[in-house]
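# Need a 3D model of the sequence below.
(chains A, B and C)
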Amino acid sequence: MQYWLMKSEPNEFSIDDLLTKKRSLWDGIRNYQVRNMLRDQVRVGDQAFFYHSNTGKETGIVGLMEIVREAYPDPTQFDATSNYFDPKSNPSMTRWFAVDVKFIKKFNRPVLLSELRNEKKLSRMALLKKGNRLSVTKLSKNEFLFILRLAENKLYRV
DNA sequence: GCCAACGTTGGC
DNA sequence: GCCAACGTTGGC
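Numbers count the residues shown, from 1 in each chain, chains lettered A, B, ... in the order given. Below you'll find the model as predicted:
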């Protein structure tokens, strides 16, 4: 099993949206590095943290989900009415991929970015590397478990 | 809203 | 292949 962190702007798609839908495609990835990771590494059964980016206030990890379908052509690339429409995409030579995710839980509190930065054990996390802008990054099992404990212990360094 | 960092495009 | 110009991401 592998562990991922996936970013979404909550005004686009939030943990509450996923809670309501229970299951959703994860679309709109338009970065080749992320695409390759999605296509070549992300597998059914992998766990992924849901991260709220660009929030203005509570930026951080807000919940947990599971991959339930591996990479398939992202339908939004062919949809001229979508923000994610890509005129250079061609159905016979897919450029962009999506996966499906399933809601597992919303944490009682967000694990804030500032809090993650304070943890020495997380200093190697791809998310925290300077200049990182990838919307999907990989976590080690230790990082994953450590963050889960942070999330589930309300009194821990809030 | 600002801006640093990174990615993409396209002229040459 | 170089690199300037432009676009995007995302924290603050």
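# What pLDDT does the model give A:Val158?
The confidence metric pLDDT takes the value 43 at A:Val158.
# Quick check: the residue lying farthest from the centre of chain A vs A:Phe78, distance?
Relative to the centre of chain A, and counting by CA atoms, centre = their mean, the farthest-placed residue is A:Ser92 at 27.3 Å. Here the criterion is CB to CB, to the nearest Å. By it, A:Ser92 lies 11 Å from A:Phe78. Quick note: C-beta positions are derived from backbone N, CA and C, even for glycine.
# likewise A:Asn31?
Applying CB to CB, the value for A:Asn31 to A:Phe78 is 18 Å.
# CA atoms only for stretch A:104-118, dumped as CSV, please.
The C-alpha trace of stretch A:104-118 is given here as CSV (Å, rounded to 0.1, in the frame of the first residue of the first chain):
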residue,chain,number,x,y,z
ILE,A,104,-13.0,7.6,4.5
LYS,A,105,-13.1,10.3,7.1
LYS,A,106,-13.0,14.0,7.8
PHE,A,107,-10.7,14.8,10.7
ASN,A,108,-12.1,16.6,13.8
ARG,A,109,-9.7,19.4,13.1
PRO,A,110,-7.4,20.3,10.2
VAL,A,111,-3.8,19.5,10.6
LEU,A,112,-2.4,22.9,9.5
LEU,A,113,0.5,23.5,7.2
SER,A,114,2.2,25.5,9.9
GLU,A,115,1.9,22.5,12.2
LEU,A,116,3.4,20.2,9.7
ARG,A,117,6.3,22.5,9.2
ASN,A,118,7.0,22.4,12.9
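# Counting neighbours, go ahead and name the busier of A:Asn31 and A:Phe78.
A direct count of neighbours by other CB atoms under 10 Å for A:Asn31 and A:Phe78 places A:Phe78 higher, at 17 against 14.
# My read is that that one contacts A:Thr94, right?
No - when contacts are counted by CB atoms under 8 Å, A:Phe78 is not listed as touching A:Thr94 (9.4 Å).
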